[in-house]
Each structure stands twice: as structure tokens, then as C-alpha cells.
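Mind looking at a prediction? Sequence and model below.
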Amino acid sequence: MTSKQRSKLISLAMNLSATVQIGKNGLTESVAEQINTSLEDHELVKIGVLKTADITAKGMIAEVAEMVGAEPVQAIGNKIVLYRYSHKEGIEHIKLD
């Protein structure tokens with residue numbers, strides 16, 4: 001992913017609210033499944049890392065992205081932004097050109 005593409009995704013993510021929360025139990029299978037579902041439906045997902053979690057968003061972004069097969073876009077504060085192209089039909093795909 002180029003810096004221009006990442007910049008575009010970051011600007012799109014500013015208007016999103018966190019759809020998935022990672023809490024004190026960390027990255028569980030059910031959380032990963034929620035992230036997968038959100039990525040298939042929207043391609044760009046913002047994830048909140050609660051203060052009760054044992055690790056920060058920056059410390060967790062690579063693990064989360066690898067687990068769900070997504071591109072890490074940004075980890076800032078307690079938020080993580082991930083992108084993955086969706087093969088689902090009927091959704092509006094993000095153009096990264």
C-alpha cells in the first residue's frame with residue numbers, strides 16, 4: 001500500500017465510528033469474527049481498544065491485521081483502522097487509485 005492510498009483511507013476513516021471493541025480478553029475468536037464480518041461488509045473498519053485491554057492499539061495492530069488478513073492503516077490513541085478488499089457483491093468498493 002502506498003502512502004497516498006494510506007492517506008486516502010485515513011481520511012475516510014475519520015468519519016467512521018468504532019464498530020468493534022477489543023477489551024480485557026484481548027483478541028478472541030469472536031472479536032476476530034466480528035472484524036472479518038465488518039471488513040466484508042465495509043472494507044474499512046475502525047476498532048476501539050478499551051483501556052481495560054492489556055495492550056495498546058499500536059502494540060496490537062500487526063497481530064489483528066495478520067489474524068484477519070487485512071492491511072494495517074493506522075493505530076492512533078485507542079483506535080485501529082484496517083482495510084481489506086471485499087469480494088462481496090452489492091457493496092460500494094473503495095477505489096484506491
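Arrived safely, thanks for sending.

For the helix with the most length in the chain, buried residues please.
If you go by DSSP state H, the chain has its longest helix at helix 29-42. By neighbour count on 16 or more other Cβ atoms under 10 Å, the buried set for helix 29-42 is Val31, Gln34, Ile35, Asn36, Ser38, Leu39, His42. (Glycine included, C-beta is placed from N, CA and C.)

hang on, the first one packs against Val20?
Okay, so that is Val31. Yes. With contact defined as Cβ atoms under 8 Å, Val31 reaches Val20; the gap is 6.4 Å.

In terms of secondary structure, what does the longest helix of the chain contact?
Here helix 29-42 touches strand 20-22, strand 44-49, helix 57-68, strand 79-83, going by 3 or more Cβ pairs under 8 Å, 6 or more residues apart in numbering; DSSP states H and E.

Quick one: mean pLDDT over the last one.
If I follow you right, that is strand 79-83. Averaging pLDDT along strand 79-83 gives 96.

And the first one, by the same measure?
In this model, strand 20-22 has a mean pLDDT of 94.
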